[in-house]
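> Sequence plus predicted model, see below.
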Amino acid sequence: MLVVLPTINWQAFFESLRAPASFLPLAFFALAMAGLFWTEDTWPVGIQGLVPVSKLLAVPLLLYHYERSQRGHWVLFAFLAACVLLMGLSWVTYFADWKASSPGALAGVPVRNYIDQSHEFALCLFVMAPLLLSFAASGHRAWTFAFAAVMLGFYFDMRFVATSRTALAYFPILLILFAVKYLNRAHAIYFLMLAAVVEFGVLLSSPYLRDRLARTAQDYKVDRDSNAATSNGLRLTYWRVSIRSISEAPVFGHGTGSTQQLFSREAEGKRGEWGNVIRNPHNQTLYVAIQWGVLGCLVLYAMWYFHLQLFWGSLFPSWTGLVIVVQNFISSLLNSHLFDFHEGWVYVLGVGVAGGMVRSRATPVRPGASPE
């Protein structure tokens with residue numbers, strides 16, 4: 001940003017902020033700043049709660065820059081190349097049964113965690129899908145087979161090596177979205193039927209996937225029949241606590257950073273997993289509503305809506321941005337992926353780069369704009 005700031009035509013930049021896709025991230029941050037004045041916790045805690053929102057400040061700058069730049073596609077290709085390398089390393093470490101040094105690490109997850117890894121693998125898989133169709137239609141066999149091999153590598157990694165349950169939630173939604181956008185009605189029906197058959201076959205042949213699904217059902221049963229802490233049980237408890245807190249301040253919320261105080265009170269006197277102090281209710285809407293009430297939710301959903309609207313076109317960057325926004329929205333029903341570091345920055349960078357590319361195709365180059 002320090003390199004880019006001197007190149008900005010500030011008049012053109014401020015004009016670009018008239019677009020809702022650009023000014024709503026700023027409005028979200030401004031609301032979080034204002035929330036410091038009615039927070040029920042201390043200012044240092046409030047400022048800490050401001051940090052996850054601050055990444056949204058990059059969205060209007062990225063949209064403006066990549067509307068002028070001709071190199072946005074290199075950013076997308078570089079991200080894809082990095083994920084392909086990570087996927088290769090994932091398979092190597094999986095067959096070598098090598099685990100990272102972090103507690104609870106899995107073979108096949110060499111860096112970060114399986115949630116982040118499956119998030120970016122699913123993103124790359126669906127972004128590549130229309131490119132595969134294009135290469136196949138134009139007769140480029142080498143590229144068709146190369147893309148098909150990479151996509152299968154991503155898919156089987158998520159089914160046999162490591163995946164998050166959140167990915168299992170948004171995967172069928174993205175499948176349907178792809179079928180509706182790129183296939184006619186008959187082909188879409190056949191494609192979705194084939195996808196269902198393939199998923200069923202993979203379920204029968206993947207011990208890992210069956211174990212993930214069985215654990216989900218077991219977690220629900222244990223939480224329902226006992227007081228033991230499970231992943232599902234903890235999430236449902238966080239949601240119940242969040243809803244109760246929201247009802248106490250429904251319009252403006254409890255202020256920026258107030259989630260920590262809420263869940264600290266809830267954890268007092270409890271043992272084990274129930275006694276862990278968290279800041280995150282594992283739902284983006286609840287996370288926002290606790291701090292900024294209905295007002296914050298309106299800004300959040302307006303931002304998602306206008307970013308979705310930005311990508312409702314036929315260009316390849318439009319499809320890329322559409323996948324990013326839909327993936328973030330669906331995953332945020334079970335997590336707070338807009339505020340989480342990795343998934344949040346994937347959203348910010350993806351929307352900024354792809355959105356700028358879409359804008360550059362839709363509007364003429366402004367006077368004084370740089371081609372780089």
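Arrived safely, thanks for sending. All values derive from a computational prediction rather than experimental measurement.
> Wait, residue 50 touches residue 257, no?
Yes. Residue 50 is within contact range of residue 257, at 7.2 Å (criterion: C-beta atoms under 8 Å). In short, each C-beta sits where N, CA and C put it, glycine included.
> Buried residues, stretch 58-73. List them.
For stretch 58-73, burial by neighbour count (16 or more other C-beta atoms under 10 Å) applies to 58-69, 72-73.
> picking up where we left off before, the more surrounded of residue 50 and residue 257?
For residue 50 versus residue 257, neighbours defined as other C-beta atoms under 10 Å are more numerous around residue 257 (25 against 18).
> Now do the contacts for that one.
35-36, 39, 41, 45-50, 291 (C-beta atoms under 8 Å, 6 or more residues apart in numbering).
> any idea which of those residues is closest to residue 362?
Taking C-beta to C-beta as the measure, residue 50 is the one of the contacts of residue 257 closest to residue 362, at 33.2 Å.
> Which of the helices or strands spans residue 118?
In this structure, residue 118 is located in helix 114-138 according to DSSP states H and E.
> and after that helix, which helix or strand comes next?
Of the helices and strands lying after helix 114-138 in sequence (DSSP H and E), the nearest is helix 141-156.
> As PDB, could you dump the C-alpha coordinates of that next one?
Extracted in PDB, the C-alpha atoms of helix 141-156 (Å, rounded to 0.1, in the frame of the first residue of the first chain):
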ATOM      1  CA  ARG A 141      -6.600 -31.100 -24.800                       C
ATOM      2  CA  ALA A 142      -3.400 -30.500 -22.900                       C
ATOM      3  CA  TRP A 143      -4.900 -27.700 -20.800                       C
ATOM      4  CA  THR A 144      -8.100 -29.600 -20.400                       C
ATOM      5  CA  PHE A 145      -6.400 -32.700 -19.000                       C
ATOM      6  CA  ALA A 146      -4.000 -30.500 -16.800                       C
ATOM      7  CA  PHE A 147      -6.900 -28.600 -15.300                       C
ATOM      8  CA  ALA A 148      -8.900 -31.800 -14.800                       C
ATOM      9  CA  ALA A 149      -6.000 -33.400 -13.000                       C
ATOM     10  CA  VAL A 150      -5.500 -30.400 -10.700                       C
ATOM     11  CA  MET A 151      -9.200 -30.200  -9.900                       C
ATOM     12  CA  LEU A 152      -9.400 -33.900  -9.100                       C
ATOM     13  CA  GLY A 153      -6.400 -33.400  -6.800                       C
ATOM     14  CA  PHE A 154      -8.200 -30.700  -4.900                       C
ATOM     15  CA  TYR A 155     -11.400 -32.700  -4.800                       C
ATOM     16  CA  PHE A 156      -9.900 -36.000  -3.600                       C
END
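> And the next helix or strand past it?
Using DSSP H and E, the helix or strand that follows helix 141-156 in sequence is helix 165-182.
> And whichever helix or strand comes after that next one, what's buried?
Scanning forward in sequence from helix 165-182 by DSSP H and E, the next helix or strand is helix 185-205. Across helix 185-205, burial judged by 16+ other C-beta under 10 Å covers 188, 191-192, 195, 199, 202.
> Where does the prediction get shaky in the stretch 251-372 of the chain?
Applying pLDDT under 70 to the stretch 251-372 of the chain picks out residues 266-279, 363-372.
> quick one, helices of it?
According to DSSP state H, counting those that start in this stretch, the stretch 251-372 of the chain carries its helices in the segments 258-267, 284-310, 316-331, 341-362.
> what's the spacing between the longest one and its chain's center?
The chain centroid and the centroid of helix 284-310 are separated by 15 Å, computed with C-alpha atoms, centre = their mean, to the nearest Å.
> list the helices and strands it packs on?
helix 20-34, helix 231-248, helix 258-267, helix 316-331, helix 341-362 (3 or more C-beta pairs under 8 Å, 6 or more residues apart in numbering; DSSP states H and E).
> Report the inter-axis angle for it versus helix 258-267.
With axes from the mean of the first three to the mean of the last three C-alpha atoms, to 10 degrees applied, the angle from helix 284-310 to helix 258-267 works out at 150 degrees.
> what angle do helix 284-310 and helix 231-248 make?
Going by the same axes, to 10 degrees, helix 284-310 makes 90 degrees with helix 231-248.
> can you tell me which residue is nearest the centre of the protein?
Note on the chain: the residue nearest the mean C-alpha position is residue 328, at 3.4 Å, using C-alpha atoms, centre = their mean.
> so what's in contact with residue 50 and residue 257 at the same time?
Going by C-beta under 8 Å, 6+ apart, residues that sit against residue 50 and also against residue 257 are residue 36.
> Name the nearest residue to the residue nearest to the centre of the chain, sequence neighbours excluded.
The shortest distance from residue 328 to any non-neighbouring residue, by C-beta to C-beta, 6 or more residues apart in numbering, is to residue 347 (4.7 Å).
> For residue 78, find the nearest of the helices of the stretch 251-372 of the chain.
Smallest distance to residue 78 across the helices of the stretch 251-372 of the chain (C-beta to C-beta): 10.3 Å, for helix 341-362.
> just to revisit the earlier point, what sits against the residue nearest to the centre of the chain?
Contacts for residue 328 (C-beta under 8 Å, 6+ apart) come out as 304, 337-338, 343, 346-347.
> I appreciate the help and will end here.
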